[in-house]
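Chemist: need a 3D model of the following:
(3 chains)
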Amino acid sequence: MIELTQIKKAFNQGRPNEYWALNGIDLSLERGKVTAFCGPSGSGKTTLLTLVGCLSRPTSGRVRFKGEDISGLPERFLTDIRRQSFGFVFQQFNLIKGLSALENVILPGFPTGRPRAELIAAAHILFEQLKLTHRANARVEWLSGGEQQRVAIARALINNPEVIIADEPTANLDTVLSREFMAILEGFTAAGKTVLLTSHDPLVVESTAVHRVIGMRDGCLVDA
Amino acid sequence: MNVWLEKQRHLIDFTLASLARRKTKNLGLLLVYTLLVAVLASLTLFTNALRSEAAYVLAGSPEVILQRMVAGRHDLIPPGYFDKIGRIRGVQKKEGRLWGYYYDPVLKANYTFMARPAEEVADGSIMVGATLARERGLAPHNTISFRSYSGKLFAFEVASVLSPDSELLSADLILLSENDFRAFFEYPAGHYTDIALSVANPQEVRNVAAKLSEALPDSRPILREEVLRTYQSIFDWREGIMLTVLAGAIFAFSILAWEKAAGLSAEEKREIGILKAIGWETGDVIRMKMWEGLLISLSAFLLGLVAAYIHVFYLGAAVFEPVLKGWAVLYPRFALIPAVDGLQIATLFFFTVFPYTAAVLVPIWRAAITDPDSVMR
Amino acid sequence: MLFQPAIIALLMAAGIAVLMLAAAAPFAVQVMRHWDIHSGSEQQLAFERRTYLFSTMLSFVFGIQLAALLLFVFNADRLSGMFVGAMCAVGTLNVNDFGFPALIAQIVIFFLAAMWLAINHADTRARDYPLVRIKYGLLLVLLPVLMLGFWLELQFFLGLKANVITSCCGSLFSGDAKTIASEASGMAPIPAMVLFYAGMLFVTLAGIWHWKRGGRASGYALAALSAVAFVIAIIGVLSFISLYIYEHPHHHCPFCILKPEYDYQGYWMYLPLFLATAAGLGAGALQPFAGSASLRQIIPPISERLAGLAAGGYILFTLFATYFVLASNLILIEH
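Modeler: A predicted model of the protein is given here:
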């Protein structure tokens, strides 16, 4: 479903502090599987996820998504693809403070122009699945870490994406909550979604829910 | 189209929520903005009210006033001048007028004395302007005496106080009979101050004036429309000067708006990063911010306008009065007739909303192009 | 110059627009020189992001222009009291040689901005932004036009001298002041009507044709006819529509119909007319690029929608004009 060829990514190009985060990655990811990228911090795994998830563009190389070359697309169109096909769960959850859980969840639906009532109905279904209904109208800063993550997951799912991208999803959770997250993950696979995540948590990497583990170091792939 | 509308609704919803979340920051801007609009709007409303007041007052004055000039100075109309005018087609009525100034040492102010026909004011009595009556504490049937320029004392009974409706022009006015006028000023018999002519057809006014200057080369006809035009342009000019002075304020405000829009807090930057990461496009963020600017602008504009309206029409434009009204010592106290004019509102909009929008355009764009992957770093 | 608030506001607005575009010009040149859609470099990303700024700015200029056009006309009308012989906006605009050129320049800028925005709209929908260089080239063309507009406006206002009383002497102007043509003139009503309805018919047909059938030729035809129809429409307003609205056989004025005395009837006509003309011209502006690979699928739907809009606008305009004529008590043509 996603193919990467000779991907390189530089930051601060042409300046003294130029830095190559990725040095020629070739990789193919299958549909409906859970793939984990593991490696030390600075190994380039998050950068790789941002490229796959259409958050940024490679400096060189090609990214193909469902057969289409998306590496040269302007941001406007990358955003379109991202909005429709990718859902993100960030390490820090990145919820907007001061808004309720429900308002946070429907935010990605705003640019699509779906009617508000429809978005709210969809959010309520997700809240039910994630056992959050009782917290829907609470402000996000009043929620516990586990609840915040589930709000973030609901937000990632609101536009019904094919691919879920999770960056260090268990970094801020204790063991119980991490196991809960892995259970939710299995639910995604059952629903036919593709999941990409980064982690160096053994609980994630060794879990049966994860189908494939890819090791990374210094911007290159290594055997895990 | 529906999708577009729905999208704008979402953006407005979000904007309102985010404005509410950052009350203090936005309130400060709103306050300064409102103040600016209020000052500028007071200025326009006030000058406009004066302009309509002047038009209202002049509406009752004669179409043409004829003055006689001697050595380039305004002089008395000698006897026999009337006959020289003769009959001019279009002139309905011509009338010699008597008026002059009198300095009152009590108030240290100049009054205008004007003679009226005996039917209106009887000998020995006067009618006084409302401001003057207030300042000298005069009521009908009081007696007041003035020492004339020749040193003689004249006593008059106040017959009535003039209606305060047109106080701007009648503030310092004293109406008295022709006999009293001539006696008080020792005005030579048969002479007049000037001649007032009424012309029914406004298209004829110019022809009448041309004929007058032909028949009487030493005279100067003054047309009402020209007086009106002169007043208008004087008020325009004063308003323009004030606006130019205030341009500094507009400029300072634009810089403030720029600063406010450019100085995003870390929290706001993070928010925009999140929005972009979860699928908001740069254009969506720009539009959202534009809505924010529009909401702030419109509320400031409306609030400022209302504040200015109250300031001008209920509080008597306390701030601008000395600058804009005139130079007489007797300040008329009069309620301006509330008049709001579309062109002025539009001009005001240009002066406030456009500089604001122009100032925030670049900062908004800068904020909107935040890297969508910034939240992942 | 008359030192008057609306004049200062107009000059300020025009000045802001010129300054903004002038400040943007060097960036536009940079984009034109270094644009490379296939590059993944940070510079290219920065260029792409700059396009958002330019389109936001142009929309702003477009908005200013529309508002300024209205203010300009209103103010001209208000100023007419300042000049001997000027009865309404036409008189003021005729006070010196720059009045009407300034007005026309403003209208032209409005339409040019509309065309640019149409091109921009199409371009941002194509994944490779094929028209970027052309767009920024056009922006550089627009800049001198904007400057010219500003200059004309400035000259017009500088040349306005009110006929007011000076403190000491002669206050009569009718003798020496040159007479202002205070009224516009028009054609004879019957040929004007024939021209008007024929023009509106053709442009509407062209609009509907392009809307339903597409095709580049009809797009060009629509744009050309829109430009002609705009002129014809104004001639129509001058020659007979305004007369019917004023119910006066000699008052040919395209501006007074905007005033409250005439129930703002002008807005009902001018709004659809300007919109339709902008849409028609926009549809035409897109046609040169309809053949390019990535726009082949994108331009036709946009230009067809614009054509539909144009046709609708002209129909609306014609209906309103006809209604105002029929509702009037004036008899211009004996039956």
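
Chemist: tell me the contacts of residue 146?
Modeler: Unless you meant another one, I'm taking chain A. Contacts for A:G146 (Cβ atoms under 8 Å, 6 or more residues apart in numbering or on different chains) come out as A:173, A:177, A:180. Where you see a C-beta, it was placed from the backbone N, CA and C, and this is true even at glycine.

Chemist: nope, chain C
Modeler: By Cβ under 8 Å, 6+ apart, the contact list for C:L146 reads C:14, C:17-18, C:21, C:61, C:109.

Chemist: picking up where we left off before, now flag whichever of the contacts of A:G146 is closest to C:G291.
Modeler: Set against C:G291, the nearest of the contacts of A:G146 by Cβ to Cβ is A:L173 (56.3 Å).

Chemist: how deep is the closest one tucked in, by neighbour count?
Modeler: 19 (other Cβ atoms under 10 Å in any protein chain shown).

Chemist: contacting residues around it?
Modeler: Per Cβ under 8 Å, 6+ apart, neighbours of A:L173: A:145-146, A:149, A:181.

Chemist: try A:N159
Modeler: Neighbours of A:N159 in contact, by Cβ under 8 Å, 6+ apart: A:83-84, A:87, A:108-109, A:112, B:279.

Chemist: give me the element the residue nearest to the spatial centre of chain A is part of.
Modeler: Residue closest to the mean C-alpha point of chain A, counted by Cα atoms, centre = their mean, is A:I165 at 1.9 Å. Assigned by DSSP states H and E, A:I165 belongs to strand A:163-167.

Chemist: next helix or strand past the helix or strand hosting A:L119?
Modeler: Using DSSP H and E, A:L119 sits within helix A:116-129. In the C-terminal direction, the helix or strand that comes right after helix A:116-129 (DSSP H and E) is helix A:145-157.

Chemist: A:P74 contacts C:E48, correct?
Modeler: Yes. Using Cβ atoms under 8 Å, A:P74 makes contact with C:E48 at a distance of 5.0 Å.

Chemist: now for the two: what residues contact both?
Modeler: The contact lists of A:P74 and C:E48 share C:Y129, where a contact means Cβ under 8 Å, 6+ apart.

Chemist: give me the distance from whichever strand or helix holds C:V61 to the chain's centre.
Modeler: Per DSSP H and E: C:V61 is located in helix C:42-79. Centre-to-centre, helix C:42-79 and its host chain are 14 Å apart (Cα atoms, centre = their mean, to the nearest Å).

Chemist: now that helix: mean pLDDT?
Modeler: In this model, helix C:42-79 carries a mean pLDDT of 88.

Chemist: what about the strands in chain B?
Modeler: Remark: strands assigned in chain B by DSSP state E are B:64-70, B:73-75, B:91-97, B:99-104, B:109-116, B:125-128, B:143-147, B:153-161, B:173-177, B:194-199, B:219-223.

Chemist: what is the burial count for whichever residue of chain A sits closest to chain C?
Modeler: As assessed by Cβ to the nearest Cβ, chain C sits closest to A:T59 within chain A, at 4.6 Å. A:T59 has 21 neighbouring residues, counting by other Cβ under 10 Å.

Chemist: list the residues that contact it.
Modeler: When contacts are counted by Cβ under 8 Å, 6+ apart, A:T59 touches A:8-10, A:13, C:40-41.

Chemist: same thing but 6 Å
Modeler: Applying Cβ atoms under 6 Å, 6 or more residues apart in numbering or on different chains to A:T59 gives the contacts A:8-10, C:40.
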